[in-house]
Each structure stands twice: as structure tokens, then as C-alpha cells.
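Undergrad: generate coordinates for the sequence data below:
(chains A, B and C)
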Amino acid sequence: MNAEADDREAFVRVSGLSHVYAQGTQAQVVLPDLNFTLRRGEIVALLGRSGSGKTTLLNLISGIEAPGQGEIEIAGHALSTLNEQARTRFRRRHIGFIYQFFNLVPSLSAAENIALILELNGAPLKAAMTQARDLLASIGLGAKTGHFPAQLSGGEQQRVAILRALAHAPALILADEPTGNLDAHSGQEMLQLLREQLRARRGTALVVTHSLAVARTADRILTLDEGGIHEQAGDFAW
Amino acid sequence: MNKPVTLPGRERGVASLLWRGAWRHARAHRWQSGLSVLGVMLGVMMVVAVDLANSSARRAFELSVATLSGNLTHQIVAQDGGAVDDALFGRLRTELGIQSSAPALSGEVSLQGRRFTLLGLDLLSEASLERRRPGFAATPDALLGLGLQALTQPRGILLQGEAAATLGLAVGDTLPLRSGGNTTEVTLAATLDGAQANALDKVMFADIALAQAVLGRSGLDSIDLRLNDAQSQTLRAWLPPEYLLIAAGGDNATLEQLSQAFQINLRAMSLLALLVAALLIYNTASLSVLERLPTLGVLRALGVERGALLRLVLGESALLGLIASSGGVALGLLLGQVLVRFVTRTVDDLYFTLTVTRFLPDYWVLLEGLALGLGLTVAAALLPALQAANAPPITLQRFMPQEYAWRRRLRVLALVGLGLLASGYALLWPERGALVTGFVALNCIVFGFCLLIPWLLSGLLALVLALTLRHLPQTLRLSLRNIQSGIGRTGLAVAALCVAVSVTVGVGVMIGSFRYTIEVWLEQTLSGDVQLSRLDEGAGIDPVLERAVLTLNGVQTARRHYARDLRTEFGMVRAFAHEGAAAEQLYIKDAPDLAAFDAGEALLLAEPFAWRQALNSGDTLRYYAPDGERSLPVGGIYFDYTSGSGALELPLGRFLELWPEQGPGQISLTLNPNADRAATLNALRELTRNFPGSYGVAANAEIKALTLAIFDRTFAITDVLRLLALLVAFVGVLSALSALQLQRLREYALLRASGMTAGETSAMILTQTATMGLCAGLLALPLGLMMSQVLIDVINRRSFGWSMQHLIPWEVLGQALALALGAALLAGVYPALRIRRLSPALALREE
Amino acid sequence: MRRRKCLQVLSLPLWLSACGEAPPTPAPRLRLNEVLGRADTAGYLRAEAPRAFSFPADHGPHPGFRNEWWYFTGNVAAEDDRRFGYQLTFFNSALRPPGSAALASAWDGERAWMAHLALSDIQNQRHYAVERFSRENPGLAGANGEGVWLQDWRLNFNADSNTWTLRAFDAGHGIGIDFVLNPLKPPVLQGRDGLSQKSPEPGNASYYYSLTRLVTAGALRVNGQELRVSGQSWLDREWSTSALAADQSGWNWFSLQFDDGQELMYYQLLDQQHNAHPYSAGNWTDAEARQTYLSPADIVLTPLDTWQSPSGIAYPTAWELRYGERRWHVEAALQNQWMDLSLPYWEGAVTIRETGGALVGRGYLEMVRD
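TA: Just a heads-up that it's a prediction; the model follows:
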């Protein structure tokens, strides 16, 4: 298989996607008619104002919600053909999520949080724990494997969260304002780590942010507004 | 990382790390988990203990009945309810040669202050009757041996080994047996041992000659028989007319029914406690789910399937249920031993001397308790587990206002509740239903009301908020709003507290009403000031003594009372007769034709007897006189709480026509208003000592006090259970409210951060729990009264045939309010203390 | 004689261990010496000197003594010559000396009663034995000048016609007798003028007489079936307060009725080694009712065959009996005529044959072992 050729193929294809929330009796259009693609191995930033529907888009791509209209295809899998349970299993295996508020499981240690996703994907507990500890050690958190989320700083939590998102080698990483809750320095560190990890694994990622600084670290920048999604060619004033 | 995309298979179990997390969560909330375990434990303990006590009592009862009647088919009894002539047995054996026959005589004796049933036996006859008697499963040969020994040791008695040991008696000891005021010296000839001898721990055996001598009686209670059809025909033809051949064991059915009814009452109470415990589990489980909603959302986002979360929560509850139920069963076993004493004592006081007071654990009951506790825990956790399974993935949670959904649910719940209430009352519509339906109805009413509570609470709070507008201080309004906005949780806690407290109200009101009824009844039925009675069964007061009493200084008038056992178409009934008009002697319930009674043309029935036999005024009752059958119309019904198997009132003329020789068993004396009561009583007592037989002299006040003391003793067990139900409720409230408050700690921290002092925050928490306690207490009052109404008018009526006056003992209501408030306040203490130690920074840290 | 199973019950073991659910223990047995050898004789009359017998009064009870019995045995045959042996015995024993303190009860009484009924169905090789016990009062058992009864079992004596009637049925075993008996000879006083000394100590004796030949006819029920039967019976009457000495352990008792109209009674007391005791004695009654006292020197008894009882005791069921020059074989008509009762013993019908094998009479044999 030719990797170069692969890279040019559309790995995630979103076509004709729109979503509507019912609020009381009024229907509120959250996403208009969206069309875009992500190629394998590329890191794409998605810029947009609050309320522009970025999070909803992530929910749709990860299969947490089913779209009102349109199709999402990931690695040739049309999500519309999967039911809720199948989408859950799809998500478990093929999606890695990074959140603004880290969302680590508070009753599990750093290593356990990472091991959990491995165990969910069928690894025996012992192997999962070993792998999780190794991963933490590889990013310099070897001393904190047994710490609980409440005992970690925000930056540390987010680094654990990145490892959790990547540990099971998912097809697609979705990040929702990953630096939103971090100071500038931690944010930079975090992005650095994410990039390194993604590059090392040739991972595909969609990073939602409203920070231009974050967006600039991406291969490509998309912007989302009421009109739809647009490719951002170069710098622009926010 | 770019592998072909495939879907993993379905999850079957639950990832071990999820269990680990759940365990850590429970451990971190050990206060809450512990209370929850404790609540279920107490609930299961009550059910098991009551069940054990009941089943022990039931088995004891069966053994007792069997001990007293054995495997007989027939009995010969005297038609007039008196003694069977001794010589009749001699004639029966020599003329008819019926070998399977034995004389029977029993009476109460006391030894070292303990009551025993003395059974007089002719063991040689027993050997040929081959009566099956638990604990006395001796072979005919062994009986023969014992019988021969009994004849050579005419003053020997047999006692169950352990009973003898308890009394510190050894074989060969001489014992003074008291009966009817006489003491007879007997010897402990032997003790009975063996597995089944338990049945005999309140029975004493003696040769029939000794029994007659000890009891001061001649004649027999009955001749007991095991006959085939041909024999019974021959015997019937041969039997002199003053005797009846009746089927054996007929009276036992009634007794059995009575004791069952009593046990069902107890069981109802234990089930109510379990209902409270179930509410508690539901509450704990759903709070724990609510609390973990974000975590569950993360797990959902990570791709944990719904089924796994369902299994996780159910599994947690099952484990909790297992721990709690095992503990509950163990505690129940202990408590059961205490309760069985209460139960048998109550049955004793109410019905007859139970011969067995041993604790006989029934292992099925233990298993049942375990299954019940476990099943209930899992069932109660089902809804929260579904809630967990449906937890939205974390990214969606900000769009889901949890409490919003509750508002809509309140109305649905209230409607279901109303439906349950209505069907509960519909079930009670027919006057004579089964006892079980009564209990089903009671549960419908309680549960229905329970479902109404969140809606009522919400309405109540809205009303208070609307009415007070700005008059309330801000913190108080905030407290009330908090309750309202968290109605899903607060409503539940209030409902649990309300049900628990209402149980105490319902039972308290029932017992209070009953006690009051007894007082009124005693007032009505005890005529005169002092009662003089002959204590020897069947004997009347010596006429010479009667005359002497009347000349006594201070005695103004006397009124005679008579009593005998009368054989009626419904079996043996205690027949009473009095001098004077009925209205002066009886607490009449309903008597359309009292004049007919006073004219001697009708009889009156005691209410329980009338109820059990479904007799009403206007019906006719047949009874047997020595010269044949008679019948009289029922002129009315009077209240009677003396229990026993049945009682009726004959016009005095009719009574004396049946038993012309019968002297009055009791005389009520009216004293001169200015007589020295103590001196008169002493003079009376002195006087009775000069006459043979034993007499009792008691002032009405003493009788009342004694009766009420027995009443209180009888209902002591219900008090114990009430207390336990209360404990369960208290634990429930403590857990529900404190969990609620702990969950809001962050919110409170926010308030602290925005300038509220620690004191103010604590005060707010306490106000909130107190308000909830008060609401629960207030709502418990109507529910408790509804419950007491069902208990009084349905459950007790169907069980005992008693009707009672309704009395609302205000102190019970006050106690209930205080209890609810106290429990609620106490539940607020821990969170209030926590908030003082909490840094306001907490509020700002993660969010 | 026969020192009998009159019940002396004070020393009976207690069977309380049989209570409860344990498997029933075997029927406990009365111990012979405890029954007849009791030393506690205060308050009772004793057989210390010969007395004047007076009939029919002495057919009735003698309440001053501790024990008394009426003992019928006999051989009868149905019309088809089906042969039966029977036994009906009434025993009574005082519970306390006469006139001592009583309980205030109609059930109180001074004496206890026991009766044995046995039937040997020779042809069908079946033996039945039943016992009954009863207290005396109220009217349950007793004796008077007209007869003796234990509940519905009774014997009556009619002095005018010198007739005895026996009536006893047991539904459980399907057996019973309803007999009329007429004595052919006057009463035979056993021992010394009716005083039968059983051991050296004065008073260890009984008053003892027999009716050695009673013509018997009536109805017999066996296996639920009623048969007309006739034959001959023997009555032993004995009353005493104490009898056996410590060194005595049982006896063999023969009551033999020869076809030539003579009778032989002989009891052989056994010592603790089961050898003949010197106080054994007997009586020969000829056809004219003349009597000859027999001492151990007159009779030689040799066991020929034994039957082993389930309790382990071997009872000799065939004997050679020598009286002077005469010798007979006395053989059980049925090997198993064991009385499996509270006090077990062997008692049954026997045949008497001469050495040549000719049948010369019938009788009853009783063997009691401690």
C-alpha cells in the first residue's frame, strides 16, 4: 500500500451535514449544510465563535449524536448505517477524545484512566496497566502514575487525557478546546505533546479551538460560522 | 495507527477498572454507603426477626395444640359443659371395651411462681390409645412402664428436663404445687428429654388421680378417643344422654386463626419497615448515580455501552444488598429470639397458655430474608441503574437540565399515587374481606400517598414562597427554592421520612385508641366498687359467705354475676349472666331489642364471637341444655375484649334454668360513699379466709390497673417494632438528607465565595433539612391517621372481631413531628459542619 | 405353684430415653427377682402357716396379700379335631399396703391389674399372646365373690352351678375365648395343706390350690374366625406376699392331664446355675382325687430338646419325666409358644407319650428364666 497515495485520500468525509435542536416549540438550526474532508495523518484546526456549533459537530463526528441530515464517513464507514450501540462501540475503538475540562474519571488514577480505554478495547488489565505506565513514563509523568486526577495539575491532567485519547491507537482524535483551561505555558506544552504524539503515530486529528495561536500549529485551518465551513488560506484578523 | 476500520464486539461484562472505580467511589462516600447498608440491614433484620418469631410462635402453637389434643378423632364431653363423670370411663372400657380411649384432665398450676398446664393422664390408657403427642413419642411399651411407675409413685410428676433444670429441680425433689389456693406436695419422678420434648416446657404430667387431687376436682374434661366409624356408631348409641360425642380438635381451628391474625399484624409492620428500607436504597442508589453523572458521561463518551453501566449499578446494589441482607439476617436471628418471647407472651395473654416458649429457628425464613433483602435492593436500584445507563455522554450534559424533567414527572407520579390510593380504598369497600386484602389495601394506600408526596411538597413550597413573597429572609427563601429545585431528590427523602414516621403514627394511634376503648369498656362493665370472686374454676361463692359479706360494715349493695361454659352450635362458649339490667352491666354496641333480653327472651353476643360466626341481631343461636337443645334469638351485640374463643350473655333466668345449682362466680359490691375502703377490703379478705376454696377481692381501680398493665405488656412488641421502624426511618432520612447536602457542598462553597459567612451557610443547610423534616412530619400525620383507620377498622376487625373507639392521642402526633424534625435536623449537622471546614476556593477550582 | 409375673413395678427402669424421635428401644422386661423377691413386706399378710380353705369364698380375692392370680390353661379341639391350647390369666398386685393414705380422687386405688391371653393354633403352627394392664378405679378392674375382670376381659364364678365362665377377646390379634368350665374334681390343695413353701425363710410361701380338671366348652376366635370347641382346662390359684429367695432364678412347671383321669403337677425351682432347687415340689392326683405329695426325690426330669428364643434363652421343649418306674416324653405341641410380653416366658400346650410313642395325655408346660 502506498502511504503517500493514502495521505491524499479523504479519511473523514462530511457531506451535506446539518443539525437542528428543538428548543421549546422553536427549532434552532445549529449546523447548516456542511461539507468538508480530512485526510489521513493531517491535523486540522476548526475555528469558530462560541455557539457556532463546534461541539455539536464533534458530537456528530464521534457518533454521540446522530445528525439530522447528511452523512459522516470515517475510513469508509458511514455513521448513519450504525445504531446507537454500534456507534458507541465505534467510538470506543476508533475515536480518541480530548476535552477542555480533561474529564478524567476521578476515582481512577492517572495510569488507570489510560488503562481503562485499553481494557475496554479488550486488553487484559495487567497488560493495560503496564502499557499505561510506560506511556506516562515516556512523557515524563512516570512518578505520577498512581496519582488521582484531583492530585494532578491542570497541565498534567490534560497530558494524561492526551495519552488516554491516543493509547488505543484510534483512527481519529477529536479535541475540544484542549488548551482552553490551561495557562499559556501549559497550553504550549500540551500542544507540543499532542503534535509529537500525532506525528509519531501518523494520527489524524480535528482540533476545535477559538485560539488562533492554537490553530496555527495545525496543518490546515477550517472556520465554522452560520454560513458553513470554510478553508482558511492564511492569516486573518479574528 | 491506520488500520482497517472494524467494529469491536459487544461488551459482555464490566471492565474491572470500572468496578475498581465504583468501589473507590463507594469508599469515598462511605458515610452514605454505610447508612444505606445499615438501613437495609435494619429492614431485613426486622422482617427476619418478626418472621422467625412468628414461625417459632406458629410452630410452638401447633406443637401446643398437638400436645394438648394429639391424634384423636373424637371426644366425649358433658353436654352442659361440666365435668365428665369418672365412672363413665370405667363403663366405657368394661362395657364397650374400646381400647383407644383415655381420660383427659388439665388445669393450671403454679410452681415457684411459674405457670404450668398440669395434664392428668392415665398412662396405661394412653398406651392403648397410642396418642401421638409431640415430645412424648414414647412407645406403648414405654408408656406402660411409665404408667406402672406412676401407679407405684402416686405423688410423682413428670417435667421437661430443661424446665426442671431452670427451676433448679432434680429427680426426687419434693415440690409444692399451687392450684386454686391449695398447695399439694408432689415429687419430681422423672424428666422428659429428647428433641421434641421442647413441646412440653410448660406442661407437667401427673397421674390422673394426682391431677384431680392437686386441682381439687372430680370428673374429667373429656374422654379422648380414636375411633373408626363402626365404633363411633356403637358409642353414640351407648352414650348416656347427658354426654356428647364430638369430633376432636374442633376448637383448635379458631385458636389457630386468631394467632395467625396476630402474626399477620406483626408481619405487616415489618414489611412497612422494609418498604422504608427500599425507599432508602432507591434514594441512595439514585443519588449516587446523580452524583456520578459526569463520570458516567465520560464513560459513555469513551464508548462504554449502556448495558455495562446498567450492570455496574445493579452489581453495586446487589453487593450492597448482599452485605446488608447477610448482616440483617444475622441480627434478625438475634432479635428474633427476643421477639419470640414477646409473641408467645402476647398469644398467651390473649388466648391461652402456650406450652412452648422456645425459639425454633426456621432456616427457610433466613433464606427468605436474604432473598428479600437482596431482591429488594436490586429492584430498588433498577430505576437508578436505568438512569445511569441513559446518562448522556459528557459533551451533551450541559444541555440536559435534570430537574426540569422532574417537574413533569411529579404530575405523573401524583396521578399514579391517586390511582393507588383509590384502588386501596376500593379494596376495603366490602365489610368482610380477607385479611390479606386488608393488607394489600394498606400497602396501596401507603405507597399511593408516598407517590403524591413530591407533588404535594412542591406545591406546598410554591405556596409558601408565593405567600411570603419578600417577607422571608433571603437565606430562607433560598433554602426553600433549593428544596424545590431539587424536588426529585428532596421529594424522595421527604417521602421516605414521611412513610417511616407515619408508621409510628398509625400504630401509635391504633394502640392508643385500643387502650382508650379498653378503659371505657372497663368503666362500663365493672359495676359497683369492689369485686369478690371465687377463683376455683366452675365453683360459686359460698352462700354463707355471701350473706356474711352483705352484713359487713361499709357494704351497701351487692350484685351477682354468673359464668359457665355453654355448648352451642358453634362449640363451647363462655356464658355469662348478671343481676340487673343489661345496660348497666355491659358496654352495648348495638341492641335493637334490649328489652327482649331483659325480659329473658333473647341473648346478647360478645362482638368478637358475633363477628367470627357472622351473627347479627335477629339471628337465632342454638345451645344445649341437659334436657335437650334450646334456641334464643340474638337481641344485640356488646363490646367485649376478653378474647377467648367466644362469649355470650344469657338472661339470668335462662342461665339459672340451665344450672339451677350454680352459685355466682362473682359479686360486685357497692360501698357506702363514706366507708373506709381499705378497711372494708381488708375485712372482706379476712372474711373469705374462713371459707374453703380460694377467693379474690379487688377494688375496681386495681382491676383496671392490672388489665391495662396486661394490655401494655401485650403490646410491648408492637412498641419494639415501632421503635425499630423508626430507627430505619431515621437512618433513611439521615442518609438521604446528608447525601443531598453533601452533594451541594460545591454550591455552598460558591455562596461562601460570594460573601456568605460559614455560619450563614450552616444555618441555611439546617433550615433546609428542618423544613424537609417538618414537611415530612406534617404529611405523616394524615398518612398515619389513614393508616390507623385501616388498622383499626379493617385489620384488627378482620383479625380479632374487635371494634374500637377512635381516639387521637395528641402526644403521638407531637412525637411524630418532633421525630421528623429531629431526624432531619440531625441529618443536616454533618454537612453543616463540613461546610465550615470547606474552603470557598473549592468553588472556583474546577469550574 | 408358680411364683408369677405378678407385677411389682417400683423398680421398673424408666424408659424416658425412648421419648423423642430416637428409634423405640425394645420393650423393657420385668425382672423376676424384683417382682417376686421383694423384702418390703410391711403392712401385708403373709403365708406363714396352713389355713382353712373355704369354697366358694376362696375362689374370690384375698386383699391383704400383695399378689394374687387366677391362672387358666387348657387343651381344646374343634369339631374337626383342630387342636388349640389356651391360657387366660388375671394377676393383681398391691401398690401399697391396704388401708394406707389415699389421694382424693376416684382414680386412686390400692391395686394394679395385669392379664394375659394366649392361644396356640397347633395345626397352623401359630401362637398368639396379648397382655393388658389396668388400674383398679374407677371400676376398671377388680375381683369379688362373683368373678374377676380387667376391663372387658372377665371370668365369672357361679357358686350354685359350680360353673366358671371365661370371656376375653382381642381385636388387634383377632383372638378370643368365650368358655364355660365345670370342675370334675374338688380343689386340690398344693404344698402342705395349701401352704406352698418356696424357700426356707418363713413367709416366703403362697397359699396355693388347683382345679386339676375342668370340662371346657364354648367358642374360640382365631384369625378372626369363630369355632365351637371343647376340651379340658386347669386352674391354678395362688396368693402370697413374697416367694422367691435370692438364690432362685426361675422354674419349670408341669400340669399334666392323663387320659386315664389322673393328673400330675410338678414345679422344679431353679437355682442361679439353673439346677434343680431343693424346694421344688409337686402333687399326684388319681382318678378318685386322692393326692400324693411329690418331692424332688420322686421326680427325675431330663431335657431332650431345646428351643432358642429370640431373647437368647434356650427353653427345653421336650422332656423325659420319670416318676418311680413310670416314664413319659412330654413334648411341646408347638415349639414357639413364647410369651413375648413385658415379662417374657415360655408357656404352652404339651403332649404326653409313653416310651412306645402312644399318646396318653395332654397338659401345659411353663418355663420361666430370670
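Undergrad: sketch out the low-pLDDT regions of the stretch 51-200 of chain C for me.
TA: Low-confidence segments of the stretch 51-200 of chain C, defined by pLDDT under 70, are absent.
Undergrad: what's the burial count for the closest residue to chain A within it?
TA: Here the stretch 51-200 of chain C gets closest to chain A at one residue, C:G172, 77.4 Å apart by CB to the nearest CB. Using the backbone N, CA and C atoms, a C-beta is placed for each residue, glycine as well. Neighbour count of C:G172, defined by other CB atoms under 10 Å in any protein chain shown: 10.
Undergrad: kindly report the same for A:S18.
TA: A:S18: 17 neighbours (other CB under 10 Å).
Undergrad: show me what the one helix or strand B:T184 maps to packs onto, helices and strands only.
TA: Applying DSSP states H and E as the criterion places B:T184 in strand B:182-192. When contacts are defined as 3 or more CB pairs under 8 Å, 6 or more residues apart in numbering or on different chains; DSSP states H and E, strand B:182-192 packs onto helix B:140-152, strand B:156-160, helix B:161-166, strand B:174-179, helix B:208-215.
Undergrad: now that strand: how far from the chain's centre is it?
TA: How far strand B:182-192 lies from its chain's middle: 36 Å, per CA atoms, centre = their mean, to the nearest Å.
Undergrad: okay, that strand in CSV with CA atoms only?
TA: Presented in CSV, the C-alpha positions along strand B:182-192 are these (Å, rounded to 0.1, in the frame of the first residue of the first chain):
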residue,chain,number,x,y,z
ASN,B,182,-54.4,-25.0,97.6
THR,B,183,-50.9,-26.5,97.8
THR,B,184,-50.1,-30.1,97.2
GLU,B,185,-46.8,-31.7,97.7
VAL,B,186,-45.6,-33.7,94.8
THR,B,187,-42.4,-35.4,93.8
LEU,B,188,-40.4,-34.9,90.6
ALA,B,189,-40.5,-38.5,89.4
ALA,B,190,-38.6,-38.1,86.2
THR,B,191,-37.8,-35.6,83.5
LEU,B,192,-38.6,-35.8,79.8
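Undergrad: who does it pair up with?
TA: Next to strand B:182-192 in the sheet, as set by DSSP bridges, lie strand B:156-160 (parallel), strand B:174-179 (antiparallel).
Undergrad: mean pLDDT lowest for which of those?
TA: When the strands paired with strand B:182-192 are compared on average pLDDT, strand B:156-160 comes out lowest at a mean of 84.
Undergrad: and it, how far out from the chain's middle?
TA: Offset of strand B:156-160 from its chain centre (CA atoms, centre = their mean): 33 Å.
Undergrad: count of residues packed around the residue of chain A found nearest chain C?
TA: Going by CB to the nearest CB, chain C is nearest to A:L125 of chain A, at 55.3 Å. If you count neighbours by other CB under 10 Å, A:L125 ends up with 16.
Undergrad: got the contact list for the closest residue to the residue of the stretch 51-200 of chain C closest to chain A other than its chain neighbours?
TA: In this structure, C:G172 finds its nearest non-sequential neighbour in C:V130, 7.3 Å apart by CB to CB, 6 or more residues apart in numbering or on different chains. C:V130 is in contact with C:116-118, C:170, C:172-173, C:175, counting by CB atoms under 8 Å, 6 or more residues apart in numbering or on different chains.
Undergrad: for the chain, which segments count as helices?
TA: If you meant another chain, say so; for now it's chain A. A:3-8, A:54-61, A:84-94, A:110-120, A:125-138, A:154-166, A:184-201, A:212-216 (DSSP state H).
Undergrad: looking at chain C here, not the other one
TA: C:32-36.
Undergrad: quick one, longest strand in it?
TA: strand C:205-222 (DSSP state E).
Undergrad: list the buried residues for that one?
TA: Within strand C:205-222, the residues that qualify as buried are C:205-214, C:216, C:218, C:220-222, counting by 16 or more other CB atoms under 10 Å in any protein chain shown.
Undergrad: if I average pLDDT within each of the helices and strands packed on strand B:182-192, which one is lowest?
TA: Mean pLDDT per stretch puts helix B:140-152 lowest among the helices and strands packed on strand B:182-192, at a mean of 69.
Undergrad: centre-most residue in chain A?
TA: What sits nearest the mean C-alpha location of chain A, by CA atoms, centre = their mean, is A:L174, with 1.1 Å.
Undergrad: outline the domain layout of chain B.
TA: Taking automatic domain parsing as the reference, chain B has its domains at B:11-70+B:250-400, B:73-248, B:455-523+B:706-847, B:536-693.
Undergrad: want to try CSV for those, with mean neighbour count as columns?
TA: Formatted as CSV, those follow (neighbours: other CB atoms under 10 Å in any protein chain shown):
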stretch, mean neighbour count
domain B:11-70+B:250-400, 21
domain B:73-248, 20
domain B:455-523+B:706-847, 20
domain B:536-693, 18
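Undergrad: need these in JSON lines with distance to A:A169, can you?
TA: Converted to JSON lines, the domains of chain B look like this (distance: least, CB to CB, whole Å):
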{"stretch": "domain B:11-70+B:250-400", "distance to A:A169": "14"}
{"stretch": "domain B:73-248", "distance to A:A169": "70"}
{"stretch": "domain B:455-523+B:706-847", "distance to A:A169": "30"}
{"stretch": "domain B:536-693", "distance to A:A169": "80"}
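Undergrad: by mean pLDDT, which helix or strand of chain B comes out lowest?
TA: helix B:841-845 (a mean of 52; mean pLDDT, DSSP states H and E).
Undergrad: I'd like the next helix or strand past the helix or strand hosting B:E519.
TA: Following DSSP H and E, one finds B:E519 within helix B:487-525. The helix or strand immediately downstream of helix B:487-525 is strand B:530-534, counting by DSSP H and E.
Undergrad: elements contacting that following strand?
TA: Using 3+ CB pairs under 8 Å, 6+ apart, strand B:530-534 sits against strand B:666-671, helix B:677-689, strand B:695-699, helix B:700-714.
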